[in-house]
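Asker: Sharing a sequence plus its predicted fold:
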Amino acid sequence: MSTFSQFAGSHVGSLTQAIVLLASIVSATVWVLLRAVFPSKPRDKHGNSIPAGPVGLPIVGSFPFLTDYPELTLDYWAKKFGPLYSLKLGNQLFMIISDPQIVKDLMVTNGAVFSSRKEMFLKSKTIFAGRGITATPYNDTWRKHRRIAAGWLVNKAVEGYTHVLDYEATVLVHDLYNHGQAGNVPVNPQPHAGRCSLNNMLTIVFGIRTDTIDHPLVGKALRLSREFMFVNVVFMLAHSVNLFVLRNCTGPVSNLTDFVPILQKLPNYMVTRSQKLHEDLVETYGGMILEIEARMKAGEKVPESLVKTMIENKEEEQLDHKDMAILCSAFMIGGVETTASIMQWFSALIPAYPEIQAKAHAELDRVVGRGRLPTVEDEKNLPYIHAIIKEVERCHNPFWLGTPHTNTQDFTYRGQFIPKDTVMVLNTYTMHHDPARHADPHKFNPDRYINDGTLSSESANLANAYERDHWMFGVGRRICPGMWVAEREVWLAISRMLWAFKMEEIPGEPIDLKEYDGLSGRSPVPFRIRMTPRDEKVKEVLGL
Ligand code: HEM
């Protein structure tokens, strides 16, 4: 007889099974979801895990905390998590390095592993079409482009065109004198600094120059490099209410499209902007190459330049038109707004420090005198001016986050696992503001560099990483190849501005040193100053 208890027992049994099954499904789903949201930390085969770091949000990771002033957030986390910590943006693992010795151990001593770049969807694949020297992984294309670039940028090559840098620095001072009507009207030095840097690069790359800030190429070239490095598109409601901001396409942590692959497939204004920028670069700089090529074919003698060298060697080097256009774009982007930005930060900072200017003037008058402009040869005898420039670069590195490297294989450092393809960010803000190295780090104080006679390009090779002046030019095998030309250009411009002018704030127009334009590269927001010629000799020496 089938008893009630048997009947009840079989139903209780199947009910229990159903509950167990349901519970298993629910817990498996929760586990899968939790793993997706909080994945377990990657470990190497010895069980070493990645360094600790901030816990980000599901899907986007730490992105929402890095949209404005990312260097300040990274600095805060460096104090909390230490000199090597990890974070995630979308699906990408990042590690942030904030200590000079770790930078050296990884990126110099182990440069064979840590010298690649992540092929960012926007910057590398879309804007540079996989060929941009700054953005390509550590591969043969990069080696070839870096070798060609070095031919024009190593210190020996720079000697050959220092007369160009010298000339453009004089024109800069000349223009500032004229636009400021000899100190009678306020002047914004920014477009003049921009044109000075632009002319230097135009001469090196194309063998041409512009003769006024109103030349159409000035606006066009500066717009392209600013679009690449600096610009966020701000959508505004009425005049002052920001609806939303579309981030700069190329900053190391400035957009999610690079790290959330689905965004690359959906209609996305960041992708459209990047495609347009690619087209503009190829049209502008590629167009200039075609013109030079046509002149050469017609038997015309064209000035020596990077383009001329590339055209002459394009079969041997296997360079197609796009390769040449993108290499020129890398020079025009990397070499213009960067040096101009240092000249601009100097001009924005120095009016607030009349006592520093007075000391600089006294040194210039003692060493150079009032009968000529300072030259490249004077630099070693002008330690205070040299120190002012290093201090501007420490306080206002245009690239607080550098250009990140990636590692081409798994690596374990001091018991911390760094999986292959991690994006390694140089946290220069924290290193430039380390009180152990730079006492009172937020103070502008050139005296801290008074005994450092090295060029930054020399300082980068010091055995003791803690003694390096600053990290503005990056590090290791990807270090900025333009640093020799950049240093010389900045030296000539700043030493001559100091020689010629007393620079002062305009009463009622305070200069904002906290705010800046851009995310991946930084320059001050527009400002005006008074640039008063120091004496009658200025006019005479400038031949006015
Ligand atoms: C103040 C001026 C400049 C600053 C602050 C600067 C900064 C930098 C930084 C941080 C990097 C990345 C380094 C790394 O990966 O560790 C870099 C790379 C580069 N810079 Fe500069 N730069 C400046 C001027 C120039 C100039 C004048 C040129 C001339 C063409 C130039 C061309 C390049 C190129 C081609 C790269 C890519 C190197 C590579 O990936 O192999 N830069 N620069």
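Answerer: Received it, and whenever you're ready, just let me know what you need.
Asker: Dihedrals phi and psi, the residue nearest the centre of the chain?
Answerer: Closest to where the C-alpha atoms of the chain average out (CA atoms, centre = their mean) is F399, at 3.7 Å. Here the main-chain torsion angles of F399 (degrees, to the nearest 10) amount to phi -120, psi 80.
Asker: Please give me every residue in contact with it.
Answerer: F399 sits next to T428, M472, G474, S520, G521, R522 when contact means CB atoms under 8 Å, 6 or more residues apart in numbering. Just so you know, the C-beta spots here come from the backbone N, C-alpha and C atoms, and that holds for glycine as well.
Asker: Would you format those residues as CSV with secondary structure included?
Answerer: Output for those, formatted as CSV (DSSP: H, G, I helix; E, B strand; the rest coil):
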residue, secondary structure
T428, helix
M472, coil
G474, coil
S520, coil
G521, coil
R522, coil
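Asker: Near the ligand, list only the ones from those.
Answerer: M472, G474 (CB under 6 Å from any ligand atom).
Asker: Report the two of the contacts of F399 separated the most.
Answerer: G474 and R522 (15.2 Å; CB to CB).
Asker: which residue sits closest to L544 in space, ignoring its chain neighbours?
Answerer: Y177 (6.7 Å; CB to CB, 6 or more residues apart in numbering).
Asker: in which helix or strand would I find the one you found?
Answerer: Element membership of Y177 [criterion: DSSP states H and E] is helix 162-179.
Asker: any idea how far G194 is from the residue nearest to L544?
Answerer: 17 Å (CB to CB, to the nearest Å).
Asker: between these two, which one's more packed in?
Answerer: G194 (25 against 21; other CB atoms under 10 Å).
Asker: if we can go back for a sec, which residues touch the helix holding Y177?
Answerer: Under CB under 8 Å, 6+ apart, the answer for helix 162-179 is 158, 185, 187, 189, 192-193, 195-196, 199-200, 203-204, 209, 213, 373, 375-376, 485, 488-489, 492-493, 496-497, 500-501, 531, 533, 538-539, 542, 544.
Asker: close to the ligand, is that helix?
Answerer: No. Using CB under 6 Å from any ligand atom, we find that helix 162-179 stays clear of the ligand, coming within 10.3 Å at best.
Asker: for the stretch 301-450 of the chain, what are the low-confidence residue spans?
Answerer: By pLDDT under 70, the stretch 301-450 of the chain has no low-scoring segment.
Asker: Write out the residues of it neighbouring the ligand.
Answerer: By CB under 6 Å from any ligand atom, the part of the stretch 301-450 of the chain that sits against the ligand consists of A330, F331, G334, G335, T338, T339, I342, P398, F399, G402, T403, H405.
Asker: The fifth one: what's it in contact with?
Answerer: If you count contacts by CB under 8 Å, 6+ apart, T338 has them with S197, P398, G482, A486, G521.
Asker: rerun that using 10 Å as the cut-off
Answerer: For T338, the residues meeting the contact criterion (CB atoms under 10 Å, 6 or more residues apart in numbering) are 197, 225, 229, 398-399, 472-473, 480, 482, 486, 489-490, 521-523.
Asker: ok, of the residues you listed, which one's closest to K359?
Answerer: Taking CB to CB as the measure, K359 lies nearest V490 of those, at 19.3 Å.
Asker: The closest one and F346 touch, don't they?
Answerer: Yes. Applying CB atoms under 10 Å, one finds V490 in contact with F346, separated by 8.2 Å.
Asker: Need the residues touching each of the two.
Answerer: What both V490 and F346 touch, as defined by CB under 10 Å, 6+ apart, is the set A193, I389, V392, E393.
Asker: who wins for neighbours among these?
Answerer: A193 leads the shared contacts of V490 and F346 on contacts (other CB under 10 Å) with 28 neighbours.
Asker: Does L87 belong to a helix, a strand or coil?
Answerer: Under three-state DSSP, L87 falls in the strand class.
Asker: For burial, what's the neighbour tally of it?
Answerer: For L87, the tally of surrounding residues (other CB under 10 Å) stands at 27.
Asker: Report the beta-bridge partner residues of it.
Answerer: Applying DSSP bridges to L87 yields these beta-bridge partners: F94.
Asker: re the thing from before, out of the contacts of F399, show me where the pLDDT dips lowest.
Answerer: Least confident by pLDDT among the contacts of F399: that is S520, with 55.
Asker: T412 belongs to a strand?
Answerer: Yes. Looking at T412 with three-state DSSP, it is inside a strand.
Asker: Show me the shaky parts of the stretch 1-150 of the chain.
Answerer: In the stretch 1-150 of the chain, residues with pLDDT under 70: 1-16, 19-21, 23-39.
Asker: Would you point out which residue of it is nearest the ligand?
Answerer: Residue nearest to the ligand within the stretch 1-150 of the chain (CB to the nearest ligand atom): T134, separated by 3.9 Å.
Asker: Look up phi and psi at that residue.
Answerer: Dihedral angles (degrees, to the nearest 10) for T134: phi -70, psi -30.
Asker: and it, how many neighbours does it have?
Answerer: Number of residues near T134 (other CB under 10 Å) recorded here: 22.
Asker: Quick check: chain neighbours aside, which residue is closest to it?
Answerer: Spatial nearest neighbour of T134, excluding adjacent residues (CB to CB, 6+ apart): A330 at 5.5 Å.
Asker: tell me the SS of that neighbour?
Answerer: With three-state DSSP as the basis, A330 sits in helix.
Asker: residues near it, how many?
Answerer: Using other CB under 10 Å, A330 is surrounded by 23 other residues.
Asker: contacting residues for it?
Answerer: With contacts defined as CB under 10 Å, 6+ apart, the neighbours of A330 are 128, 131-136, 145, 149, 205, 228, 281, 285, 482.
Asker: out of those, which one sits closest to L455?
Answerer: G482 (13.4 Å).
Asker: Does N397 belong to a helix, a strand or coil?
Answerer: Classification of N397 by three-state DSSP places it in coil.
Asker: That one contacts E391, doesn't it?
Answerer: No. N397 is beyond contact range of E391, at 11.5 Å (criterion: CB under 10 Å).
Asker: Mutual contacts of those two, please.
Answerer: Common neighbours of N397 and E391 (CB under 10 Å, 6+ apart) are H470.
Asker: Measure how buried D99 is and give me the count.
Answerer: By other CB under 10 Å, the residues close to D99 number 18.
Asker: Excluding residues flanking it in the chain, which one is nearest it?
Answerer: The nearest residue in space to D99 (CB to CB, 6+ apart) is P83, at 3.5 Å.
Asker: what number of residues lie near that neighbour?
Answerer: By the measure other CB under 10 Å, the count of residues near P83 is 18.
Asker: OK, contacts around it?
Answerer: P83 neighbours (CB under 10 Å, 6+ apart): P51, I96, I97, S98, D99, P100, Q101, I102, V103, N427, T430, M431.
Asker: quick one: the strands in the stretch 1-150 of the chain?
Answerer: Per DSSP state E, counting those that start in this stretch, the stretch 1-150 of the chain carries strands over the ranges 84-89, 92-97.
Asker: hmm, the last one in reach of the ligand?
Answerer: No. Applying CB under 6 Å from any ligand atom, one finds strand 92-97 separated from the ligand by no less than 11.3 Å.
Asker: heads up, I number from 193, so please use that
Answerer: Sure, I'll start counting at 193 from here, so that last one is strand 284-289.
Asker: C-alpha coordinates for that strand, PDB please?
Answerer: The C-alpha trace of strand 284-289 is given here as PDB (Å, rounded to 0.1, in the frame of the first residue of the first chain):
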ATOM      1  CA  GLN A 284      42.000  47.300 -19.600                       C
ATOM      2  CA  LEU A 285      44.400  46.800 -16.700                       C
ATOM      3  CA  PHE A 286      46.600  49.800 -15.900                       C
ATOM      4  CA  MET A 287      49.500  50.100 -13.500                       C
ATOM      5  CA  ILE A 288      50.600  53.500 -12.200                       C
ATOM      6  CA  ILE A 289      54.300  54.000 -11.300                       C
END
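Asker: Tell me which other helices or strands it touches.
Answerer: On a contact count with 3 or more CB pairs under 10 Å, 6 or more residues apart in numbering; DSSP states H and E, strand 284-289 meets helix 262-273, strand 276-281, strand 597-598, strand 608-610, strand 615-618, helix 620-624.
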